[in-house]
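Undergrad: Got a sequence here, can you build the structure:
(chains A and B)
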Amino acid sequence: EAGVAQSPRYKIIEKRQSVAFWCNPISGHATLYWYQQILGQGPKLLIQFQNNGVVDDSQLPKDRFSAERLKGVDSTLKIQPAKLEDSAVYLCASSLVPGATKNIQYFGAGTRLSVL
Amino acid sequence: AQKITQTQPGMFVQEKEAVTLDCTYDTSDPSYGLFWYKQPSSGEMIFLIYQGSYDQQNATEGRYSLNFQKARKSANLVISASQLGDSAMYFCAMREANTGFQKLVFGTGTRLLVSP
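TA: Alright, predicted model coming up:
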């Protein structure tokens, strides 16, 4: 079974530029998550989708970050304009069972963003 | 308040020995789940083990076991017979049932180094 796919793996941009990340979840997984992991910290949830609807974006900086999951499958996360503090690894995860406490999230390899 | 606390920034262990990685958590929700993930240098978060708050037995998955002490709010990961490939970051995470959104909250991680 294919895992969560993310691209690109690495991205270097200058501040005030825009950038987009792509994620394709595990087939059949209804829930998709985007996390931001700053160096030396654990991942922090940015946004969660259930199918193509947003269920939690309380920690998404909406003035510069946006995300969509148009057909309930793959998703893009965009930053416009980027700031130095956006330098981080952006992890995508997906899960199968939305209602269970166990609900294991499976992660992709992430995109490492450097903002210069 | 910190929901998940991992007090060991780094741990060293010799190959074939056992090691315990500490995790304490804070919640008032009686229903919650605790997770451990491994993050090698490649960046992907790999699910290791899960413990539900109502589970009577400590969880085990191969060489991984979880020392769950509910009254002390601790969920320590025990890795038996360490291998060189176990060198990685290890994150403890919690999901509270009352959040409704299945959000995982992560600790800051422990870096494990296994030496020959």
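
Undergrad: Kindly state the beta-bridge partners for the residue of chain B found nearest chain A.
TA: Nearest to chain A in chain B, going by CB to the nearest CB, is B:Phe106, at a distance of 3.0 Å. Any C-beta I mention is one placed from the backbone N, CA and C, and that applies to glycine too. Partner residues in beta bridges with B:Phe106, using DSSP bridges, are B:Ala93.

Undergrad: where does chain A come near chain B, residue by residue?
TA: Counting by CB under 8 Å from any CB of the partner chain, the residues of chain A lying close to chain B are A:3, A:31, A:40-45, A:48, A:55-56, A:89, A:91, A:93, A:95, A:98, A:101-110, A:112.

Undergrad: doesn't B:Pro30 make contact with B:Glu96?
TA: No - counting by CB atoms under 8 Å, B:Glu96 does not reach B:Pro30; the two are 9.7 Å apart.

Undergrad: So for those two, which sits in the more crowded spot?
TA: Remark: of B:Glu96 and B:Pro30, B:Glu96 carries more neighbours, 22 against 10, as counted by other CB atoms under 10 Å in any protein chain shown.

Undergrad: residues contacting that one?
TA: B:27, B:29, B:31-32, B:105 (CB atoms under 8 Å, 6 or more residues apart in numbering or on different chains).

Undergrad: Report the separation between it and A:Gln59.
TA: Plainly put, B:Glu96 is 16 Å away from A:Gln59 if you go by CB to CB, to the nearest Å.

Undergrad: The closest residue to chain B within chain A: how many residues sit nearby?
TA: Chain A approaches chain B most closely through A:Gly42 (3.0 Å), counting by CB to the nearest CB. For A:Gly42, the neighbour count with other CB under 10 Å is 22.

Undergrad: Kindly report the same for B:Gln6.
TA: By other CB under 10 Å, neighbour count at B:Gln6 equals 21.

Undergrad: Can you get me a residue count around residue 18?
TA: No chain specified, so I'll use chain A. With other CB under 10 Å as criterion, A:Ser18 counts 11.

Undergrad: if you could check chain B rather than the one you did, that'd help
TA: 12.

Undergrad: For it, give me its contacts.
TA: Taking CB under 8 Å, 6+ apart as the test, what B:Ala18 contacts is B:78-82.

Undergrad: redo that, cut-off 10 Å
TA: B:Ala18 sits next to B:63, B:65, B:78-82 when contact means CB atoms under 10 Å, 6 or more residues apart in numbering or on different chains.

Undergrad: quick one: low-confidence ranges for the chain?
TA: I'll assume chain A. Across chain A, the ranges flagged by pLDDT under 70 are A:1, A:97-101.

Undergrad: other chain: chain B
TA: For chain B, the ranges with pLDDT under 70 are B:1-2, B:98-101.

Undergrad: ok, what's across the strand from A:Phe49?
TA: A:Leu32, A:Val54.

Undergrad: Hmm, it is touching A:Gly72, no?
TA: Yes - counting by CB atoms under 10 Å, A:Phe49 touches A:Gly72, with 8.0 Å between them.

Undergrad: Please identify the helix or strand for A:Leu77.
TA: strand A:75-79 (DSSP states H and E).

Undergrad: Quick one: the strands in chain A, in order.
TA: In chain A, the strands defined using DSSP state E lie at A:5-7, A:10-13, A:19-24, A:31-37, A:44-50, A:53-56, A:65-68, A:75-79, A:88-95, A:106-107, A:111-115.

Undergrad: for chain B, same thing?
TA: Here chain B has its strands, by DSSP E, at B:4-5, B:10-14, B:19-21, B:24-25, B:32-39, B:46-52, B:60-61, B:64-69, B:74-79, B:88-96, B:105-106, B:110-115.
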